[in-house]
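Engineer: task: produce atomic coordinates for the following.
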Amino acid sequence: ADLKYKQELVDALEEERKLFNEQSRLINSVVDEIRAPLSAIIGMALLAKNNPGSAKESADRFGMIEEEAVRVNRSLKALRSGTDEQDLPEFEFKDLPINTISYGKHHEYEPAVKAESYDDIDMPVDFFYSEGQFADGKTDYDLAGKRILLAEGNKLTGEVIRSGLAVTGARVDSVPNGKAAVIEFVSRPVGTYDLVLADLDLDELDGFSVVKCIRISGKEDGESIPVYALCADTSVEEIKKACKYGFNAAFAMPVDIEGMCAKMERDFS
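Structural biologist: Presented below is the predicted three-dimensional model:
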């Protein structure tokens with residue numbers, strides 16, 4: 001009888017562990033889904049507030065905000081329905097000590113994946129930019145004649161960055177995914193672009209792969225062109241990884257446009 005109850009306890013605890021892992025994966029997935037849209041909504045709202053533009057421009061911007069808000073709402077509904085569908089396991093046991101040995105039943109455990117370490121990365125002081133960081137007080141930046149390649153899959157975020165840089169005189173060419181960014185950069189003559197902006201979370205190829213491809217492309221400007229990372233995930237590990245892969249700077253989203261322009265002026269000087 002004792003073995004039976006111990007087995008029921010071990011089996012139930014294993015089911016609960018699996019359930020917890022599934023719920024954690026679901027929550028992490030939803031966080032990833034809503035982080036970028038929320039950053040885009042905040043950025044576009046600030047743009048609409050500070051640069052009203054024409055009635056049509058305002059309507060278009062608020063239309064994009066609505067579209068992203070719907071995406072966030074959909075993701076939150078998925079989280080709720082996902083957790084509602086999973087029930088906690090029911091089990092009975094007497095006052096027995098917890099025994100982690102499974103009697104007569106083998107449980108398959110997922111092998112632990114060793115995470116890549118970035119402890120040895122020595123980041124420059126001005127590598128990571130969040131809102132208001134390293135502000136120099138200027139508002140009139142001059143980037144006239146500069147051509148920038150922007151790799152951004154979120155239309156709202158792309159519009160915020162394009163609009164913010166347009167007032168500086170810079171030309172911004174946009175691509176929707178990482179593969180298109182690499183093809184665009186490699187296929188153009190040397191010196192076509194003065195700088196590359198790449199979201200770390202891109203389709204086809206992520207931002208880390210984009211900067212790596214640029215650096216090893218063999219193009220004359222591949223190793224020297226400034227490449228900035230756009231980060232929805234601003235964890236220390238993610239920022240250090242961006243530094244390790246060859247980015248020149250990393251910007252938290254929503255992007256501080258003034259801070260980015262100040263960094264660009266320094267890099268171009």
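Engineer: those helices in the chain, which residues are they?
Structural biologist: Using DSSP state H, the helices of the chain run over 2-50, 55-84, 155-166, 178-187, 207-215, 236-245, 257-268.
Engineer: for stretch 144-162, the averaged confidence score.
Structural biologist: When pLDDT is averaged over stretch 144-162, the result is 92.
Engineer: what about that stretch, start to end distance?
Structural biologist: Using C-alpha to C-alpha, to the nearest Å, the span of stretch 144-162 from its first residue to its last is 14 Å.
Engineer: run a quick neighbour tally on the nearest residue to Glu184 once chain neighbours are set aside.
Structural biologist: Nearest residue to Glu184, sequence neighbours excluded (C-beta to C-beta, 6 or more residues apart in numbering): Val175, at 5.4 Å. Backbone N, C-alpha and C define where each C-beta goes, glycine included. By other C-beta atoms under 10 Å, 22 other residues sit near Val175.
Engineer: pLDDT weak spots in the chain?
Structural biologist: Low-confidence segments of the chain (pLDDT under 70): 1-7, 23-55, 58, 61-62, 65-66, 68-118, 132-137.
Engineer: one more pass at 80, please.
Structural biologist: The chain contains residues with pLDDT under 80 at 1-120, 131-139.
Engineer: now do stretch 248-255: everything it contacts.
Structural biologist: 36, 39-40, 42-43, 46, 126-131, 157, 160-161, 164, 226-232, 234, 239, 242-243, 259-260, 263, 267 (C-beta atoms under 8 Å, 6 or more residues apart in numbering).
Engineer: try 6 Å
Structural biologist: Residues outside stretch 248-255 that contact it (C-beta atoms under 6 Å, 6 or more residues apart in numbering): 39, 42-43, 127-130, 226-232, 234, 239, 242, 260, 263.
Engineer: can you give me the end-to-end span of that stretch?
Structural biologist: End-to-end distance for stretch 248-255: 16 Å, by C-alpha to C-alpha.
Engineer: thanks a lot, catch you later.
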